[in-house]
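Colleague: Test case, fold it:
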Amino acid sequence: MKEFVNYIESPYFLPKNEKINIKQFLKLLLLNFAISIFLGFLLIAISKITGEKLDVNQSLSLKFKFYVIFIGPILEEIYFRLLLRISKKNLIIFSVNNLFVTIFFVLNKHYFIAGMLVFINILMILLIQFKTLEVVKRFLINNFNYYFYVSAILFGILHIFNFNVLSVQVILLAFILTSKQITGGIFLGYIRMKYGIKYSMLFHSLVNLIVLVF
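Modeller: Predicted structure coming up:
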C-alpha cells in the first residue's frame, strides 16, 4: 500500500506492466470502497446543508446493470486510461473504439456529441500519420504527473452528468460531488500503469458491481 501512496504523491511513467499482485489488487479495491463510503456520507451532509436534492440517474433494469458492470468499464478505460501509455497501437484502438461510440450517438440523434467525437478521431489520425506522435509522447512522459491527474479529474468531472438536475449549485460543487469518481480515477490510473489496461478494466467493473450491490 505504501508503494501506491508514494506513486500517487508523484505519478511517473511506467513503460511496462508488472505481474499482477492479487493481494495488492484486492487491498486497493477495499481501500477504494472505504474511501467511497466516507465520501458518500460527505455528499449526504452537503445535500442536507445546501438543501440540494442530489438525485443520480440510475436504473434497475438488466440492460443498465450489464452496461455498468461490463460495457461501461471497457469504454471508459479506453477513453481515460489507455493513452496514459501512448503508442501507435493504443491510438488505433482508441480511434476504433471512438468510431463505434460515434456511430452509436449518431443513431441516437445526439449529433453534437457525435461531432465532438469525430473531431477527437481526426486528432488521433493526425497523431498516427505524422511525426508529431514522438513529440507528444515525450512531452506527456516528461509531464506525466500532470497528465495522470488531468485524466483522473476529467474522468470524475464528466460524471456530473449522472445527476438528474444540473443546477447552478451542482455545477459549482462539481469537484466535490464527483470526488468519488475522481478518487476512483486515481486508483484506476495506478492499476493501469502498474498492471495494465485489462486489470484497470477489471477493477473498474468490480467497483461498479460493488456500487450496484450496496
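
Colleague: quick one: least confident helix or strand in this protein?
Modeller: Using mean pLDDT, DSSP states H and E, the weakest-scoring helix or strand in the chain turns out to be helix 168-172, at a mean of 80.

Colleague: In this structure, where's the longest helix?
Modeller: helix 22-50 (DSSP state H).

Colleague: Show me what that one is packed up against.
Modeller: For helix 22-50, the elements it packs on are helix 174-177, helix 179-195, helix 197-213, judged by 3 or more CB pairs under 8 Å, 6 or more residues apart in numbering; DSSP states H and E. Where you see a C-beta, it was placed from the backbone N, CA and C, and this is true even at glycine.

Colleague: 6 Å instead?
Modeller: Packing partners of helix 22-50 (3 or more CB pairs under 6 Å, 6 or more residues apart in numbering; DSSP states H and E): helix 179-195.

Colleague: Report the distance from the helix it packs on to the chain centre.
Modeller: 7 Å (CA atoms, centre = their mean, to the nearest Å).

Colleague: Let me see the residues that make contact with it.
Modeller: By CB atoms under 6 Å, 6 or more residues apart in numbering, the residues outside helix 179-195 that reach it are 4, 7-8, 14, 17-18, 20, 28, 32, 35-36, 39, 81, 84, 148, 152-153, 155-156, 159, 199-200, 203-204.

Colleague: From those residues, keep the buried residues only.
Modeller: For the contacts of helix 179-195, a burial check counting by 16 or more other CB atoms under 10 Å picks out 4, 7-8, 14, 28, 32, 35-36, 39, 81, 84, 148, 152-153, 155-156, 159, 199-200, 203-204.

Colleague: Next, the contact list for the most centrally placed residue in the chain, please.
Modeller: The centre of the chain sits closest to residue 155, judged by CA atoms, centre = their mean, with a distance of 4.0 Å. By CB under 6 Å, 6+ apart, the residues touching residue 155 are 80, 185.
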